[in-house]
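Predicted model follows, preceded by the sequence.
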Amino acid sequence: MDQQIVADNDATRASLQSLIRTLADHDFARDLGDGWTVSTALAHLAFWDRRGKLLLERWQAGDVAPADMPEWYSDTLNNTLVDEWRAIPPHDAARLAIEAAVAIDAAIAGLEDRVTAEIMARDEAWRLTRSKHRREHIEQIERCLARN
């Protein structure tokens, strides 16, 4: 495993934890645009990290994940699930985001070398670099908090 990927994942997980600790109850309802709130974004992060962990577990067991999904696929999942994410109590969304981040980061750090090599050979490093997705939403939330 590329230790830079592990370090980046660890750093953004710590940033997410730190950000969540600073949120007041009313911050979870802040509008991020397109009907999303801070709480919705946290539930979204939890979903994608949990999904990613399950796919990595299957891959490690020999059930190779399908090739990169088309752009519309993730948009369709997000649009389908946003109402469920809105229904999750804000503090639960925050807890789920942290738990999912911890779980996938540990799974990535512990992947067998052959799985990591297969993922990289398929040019699918995004399966391992959870930091990019996390950072995107951390920055989105920070911009929202700075505006208000």
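Everything's here; your move.

For the helix or strand of the chain with the lowest mean pLDDT, give me every contacting residue.
Ranked by mean pLDDT, DSSP states H and E, the helix or strand of the chain with the weakest confidence is helix 71-87, at a mean of 91. Helix 71-87 has contacts (CB atoms under 8 Å, 6 or more residues apart in numbering) with 35-37, 39-40, 43-44, 47, 93. From N, CA and C alone the C-beta is placed, and that goes for glycine too.

Next, name the residue at the spatial heart of this structure.
residue 45 (3.7 Å; CA atoms, centre = their mean).

what about residue 14, which SS state?
Judged by DSSP: H, G, I helix; E, B strand; the rest coil, the three-state class of residue 14 is helix.

Tell me the one of the contacts of helix 71-87 nearest residue 109?
residue 47 (20.9 Å; CB to CB).

for the closest one, what are its contacts?
81, 85, 100.

Quick check: closest non-adjacent residue to the second one.
Pointing back at residue 85 there. residue 43 (3.7 Å; CB to CB, 6 or more residues apart in numbering).

In ChimeraX, select just the buried ones from the contacts of helix 71-87.
Buried residues among these (16 or more other CB atoms under 10 Å), as a ChimeraX selection:
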select :36,37,39,40,43,44,47,93
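
From the contacts of helix 71-87, which shows the smallest pLDDT?
pLDDT is lowest at residue 35 among the contacts of helix 71-87; the value there is 89.

Pick the one among the contacts of helix 71-87 closest to residue 133.
Ranked by distance to residue 133 (CB to CB), those are led by residue 44 at 9.2 Å.

And that closest one, how far from residue 6?
Using CB to CB, to the nearest Å, we find residue 44 at a distance of 23 Å from residue 6.

Please apply the same query to residue 15.
Taking CB to CB, one finds residue 15 at 15 Å from residue 6.

Determine which two of the contacts of helix 71-87 are furthest apart.
So, the contacts of helix 71-87 by CB to CB: farthest apart are 35 and 47, at 16.2 Å.
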